[in-house]
Each structure stands twice: as structure tokens, then as C-alpha cells.
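**Q** This is the structure alone, sequence omitted:
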Ligand SMILES: Nc1nc2c(ncn2[C@@H]2O[C@H](COP(=O)(O)OP(=O)(O)O)[C@@H](O)[C@H]2O)c(=O)[nH]1
Ligand SMILES: [Mg+2]
């Protein structure tokens, strides 16, 4: 490890905000030194509680995150925030919204906010999010809040990265309830019906409760944790205390019996992350190999002109030196 990387790791472990920001930029720029530092930091992580918020755009995740930051700051806990929004990689519109909604914490030394919008860097959004969370964890943040739009596979993976996953919806679910049914329901540890000031919040909460009860019935009747449904109004803070209490309750369940459930969850997460890193590394290696000396163009031309078939070409590529044992 280079002296510069060594020093960077040392500063981050001491909680230095500038150093952390520097490393995160290096991670964004996909610099190899960044990985050296991340290697060093790994052993110093695992202390922070990762709390994920997911839901459709506009349901109030950022506003709620802002309230949750305030609540944890009230308990003297330090907070890291990763706001992930791949839906607006170019305009940065939503990210700007996130920043504005969390503005009051911008000058608080105990709060570190980082936004991620683009895919493809550092091997995908999940890996980038993980990288940022690793840095925040190593810095000593007590809680890491991850805000993400739960739409694509990447986002669902990010959801699975949390220790506690909060699914946020608004009254009159409609399409949302379908989206939840389609995939994220199983991932939710806590459900929030935000914008309780709007009509139909109670009904939506009851609907969700019904879905959760059915899920419990189908899967396993003696589940250690039944996800609660909490109504909030993020714009005035109503319900936020209940939410914080629910998170504490879920955490206690995961930490019971020497953290049996937490360890299981984190093993699952490590498995997923490792797979993703391997996938990305293998992909970039292969693509680099293919783009070398226009090999891809040559092969494509050969396949198109029926001179060769794509299956043999794949076998040839996969059989090349780097993948032989
Ligand atoms: N009426 C009402 N509006 C809210 C509430 N929470 C958030 N909003 C508003 O909903 C809009 C979207 O909020 P935002 O936090 O950016 O949503 P996100 O896209 O899920 O992060 C903003 O205009 C918020 O002010 C709430 O509890 N009640
Ligand atoms: Mg947002």
C-alpha cells in the first residue's frame, strides 16, 4: 500500500471528513488507489447500522430522511447518508431535491451526506453504494441512511444491503401496491405510509397490514419479526418517533442471541456483493480484452458474414488465458 493510501486510510479511521470525501471521489473516478484504501478499511466496518429507505419518487423519502437524521442527532448519534437516484443521472434534479431537503444538516459535523446518480462506475451502483457505506462506517458513523428508488434490480439489491429496510409509500397506493407485490414486499422490515395528512392513509396502512399478514402466513408463522406499518407526515415530523422506535425494535431482534439473524443477513449481503464485484471485474476484463485492437469489430464482422458462429467465439473468449485455472 502506498504511503498516500496508508495516510488516507488513517485519516478516515480517525473520522476525517475531507479525507472521506477525497476517497469517495477516488472511488467515483475508479482509481485503483481507492480500492487499496477500501481493502484496509474493511476490517474496521460493521459497527454502523445501515438503514435503507426505498419507495417511488416523490413519496417523501428525502423529507423523511431529513427528519430521521434530526432524530438520531437528537440521540447524539453520528449519521451518514447515501442518496442514490439513478433515475436522473444527467439532470441531477432529484439529487438536488435531496440536498435541499437535507440542507439544515449540511453544516453539522456529525452528518455526512453523499449522493450517487450514475451507474457503471466502480462496478455498478450497488458496489458504489457499498463503497460509500464502507467509508462512512469506517469513519465511525453510528447510523447510515441509504435512500433509494426501489424500481430496478440494482435498487432492489441496494435495499437488500441494509440491516433494516424501510419501504415508504403514500396513501392511495394504486400502482405502488402492485410494485410492492412484484418484488419488494419480502424485503421490507418496516413499512411507512408517509403523507398521512392526505386522505386514505389509514386505509392504505390497513391494506399493507393485510399483505404483511398474508406474507407471514405463507412463509412461516413463527417469524421473529412482523413488519409494522407506521404512518408519518415527514413534512411536520409526526410519526417519526414511532419509526425510530420500530428501527430500534428490529435492531434488537437482529442482535438477539449473539446477533444470529444479523450475521445471517450480513453474510447474505457479503455474498451478493462479492458476486457483483466478481461479475463486474470479469465483465470489464473481458470487454477490455475484446476492445483490444478492434477484436470485437473483427469478431462481429465474422459472425455477421456467417464466417463464424457466436457460440464458438464465446467459447474461445472464455477459454482465454485469464479464465483458465
Ligand atoms: N403533504 C405532505 N407532503 C410531503 C410529505 N413528505 C414529503 N412531502 C412532499 O413531497 C414531495 C417529495 O418529497 P421528497 O422527500 O423529495 O420525496 P422523494 O422523491 O421520495 O425523496 C416534496 O414536495 C415534499 O415536501 C408529507 O408527509 N406530507
Ligand atoms: Mg429523494
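**A** Cool, got the structure. Quick caveat, the model's predicted, so the values are computed rather than measured. Ligands and ions are numbered 1, 2, ... in the order given.
**Q** which parts of this protein sit against ligand 1?
**A** 55, 57-63, 97, 101, 194-195, 197, 233-235 (C-beta under 6 Å from any ligand atom). C-beta coordinates here come from the backbone N, C-alpha and C atoms, glycine included.
**Q** Pull out the buried members of those residues.
**A** By neighbour count, with 16 or more other C-beta atoms under 10 Å, the residues of the chain next to ligand 1 hold 55, 59, 60, 61, 62, 63, 97, 101, 194, 195, 233, 234 as buried.
**Q** and of these, the nearest to residue 319?
**A** Nearest to residue 319 among those: residue 55, at 45.2 Å, using C-beta to C-beta.
**Q** mind listing the helices for this structure?
**A** For the chain, the helices defined by DSSP state H occupy 3-13, 17-28, 32-42, 61-74, 93-101, 124-139, 153-160, 175-179, 201-219, 240-291, 295-304, 310-318.
**Q** closest one to ligand 2 among these?
**A** Smallest distance to ligand 2 across those (C-beta to the ion): 3.4 Å, for helix 61-74.
**Q** what's that closest one in contact with?
**A** 51, 53-55, 79, 81, 83, 97-98, 101-102, 104-105, 108, 110-111, 142-143, 145, 147, 168, 192, 194, 232, 234-235, 237, 240-241, 243-244 (C-beta atoms under 8 Å, 6 or more residues apart in numbering).
**Q** in the protein, what spans have low per-residue confidence?
**A** Residue ranges of the chain with pLDDT under 70: 86-99, 118-124, 150-156, 173-184, 216-222, 320-325.
**Q** picking that back up, mind listing which of the contacts of helix 61-74 are in strands?
**A** 51, 53, 54, 79, 81, 83, 111, 143, 145, 147, 168, 192 (DSSP state E).
**Q** Measure how buried the fourth one is and give me the count.
**A** Right, residue 79. By the measure other C-beta atoms under 10 Å, the count of residues near residue 79 is 25.
**Q** Residue 114 is in contact with that one, correct?
**A** No - Residue 79 is beyond contact range of residue 114, at 11.6 Å (criterion: C-beta atoms under 8 Å).
**Q** Please name the nearest non-neighbouring residue to residue 116.
**A** For residue 116, the nearest residue in space outside its immediate sequence neighbours is residue 84; the separation is 4.8 Å by C-beta to C-beta, 6 or more residues apart in numbering.
**Q** who does that neighbour bridge with?
**A** residue 116, residue 148 (DSSP bridges).
**Q** list the contacts for it?
**A** So residue 84 contacts 115, 116, 117, 125, 129, 146, 147, 148, 149, 155, 158 (C-beta under 8 Å, 6+ apart).
**Q** mind putting the residues you listed in CSV, neighbour count included?
**A** CSV is the format used below for those (neighbours: other C-beta atoms under 10 Å):
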residue, neighbour count
115, 18
116, 25
117, 19
125, 25
129, 26
146, 27
147, 28
148, 28
149, 22
155, 23
158, 28
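**Q** just these now: which is nearest residue 299?
**A** residue 125 (29.4 Å).
**Q** Check whether that closest one really touches residue 158, as I assumed.
**A** Yes - in this structure residue 125 lies within contact range of residue 158 using C-beta under 8 Å: 6.9 Å.
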